[in-house]
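In: got a predicted model here, sequence first, then my questions.
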Amino acid sequence: MYINDICDDLVNNILLFADDTFLYAIVEKSTTSVAQSLTSDLELVDKWSKKWLVDLNPNKTVNIDFSRKNKVNPPIKFGQNGPLIS
């Protein structure tokens, strides 16, 4: 119940489990625009966490790419001072 509104404004898909959240996108064409939309969604999650006083740890956040192609995707940033996730 506490986290139900975390999904309200997100563009990408999200899966919520007990103490884990998975934000994901299926990339069909532009990896740059998907990286931008994921970064934007992560900013919304960061704002949500501040509103509800939930501590998130950007340093424990990872990005995993599943692809049939060998290409490097643009980095995703999490948190105002958080790390680039690549």
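Out: Thanks, I have the structure now. Numbers count the residues shown, from 1 in each chain.

In: quick one: contacts for V54?
Out: Applying C-beta atoms under 8 Å, 6 or more residues apart in numbering to V54 gives the contacts W48. Where you see a C-beta, it was placed from the backbone N, CA and C, and this is true even at glycine.

In: and if we set it to 10 Å?
Out: Residues in contact with V54 (C-beta atoms under 10 Å, 6 or more residues apart in numbering) are Y2, I3, I6, V45, W48.

In: likewise for I26?
Out: N12, N13, V34, F66.

In: how far away is it from N12?
Out: 9 Å (C-beta to C-beta, to the nearest Å).

In: mind listing the strands for this protein?
Out: Per DSSP state E, the chain carries strands over the ranges 13-16, 21-24, 76-77, 84-85.

In: out of these, the one nearest L38 is which?
Out: For L38, the closest of these is strand 76-77, at 5.0 Å, according to C-beta to C-beta.

In: on that earlier part again, check the strands of the chain for me: which has the lowest mean pLDDT.
Out: For those, the bottom mean pLDDT is recorded on strand 84-85, which sits at a mean of 60.

In: on that earlier part again, could you dump the strands of the chain to CSV with mean neighbour count and distance to D55?
Out: Putting the strands of the chain into CSV (neighbours: other C-beta atoms under 10 Å; distance: least, C-beta to C-beta, whole Å) gives the following:
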stretch, mean neighbour count, distance to D55
strand 13-16, 12, 17
strand 21-24, 15, 13
strand 76-77, 20, 19
strand 84-85, 14, 18
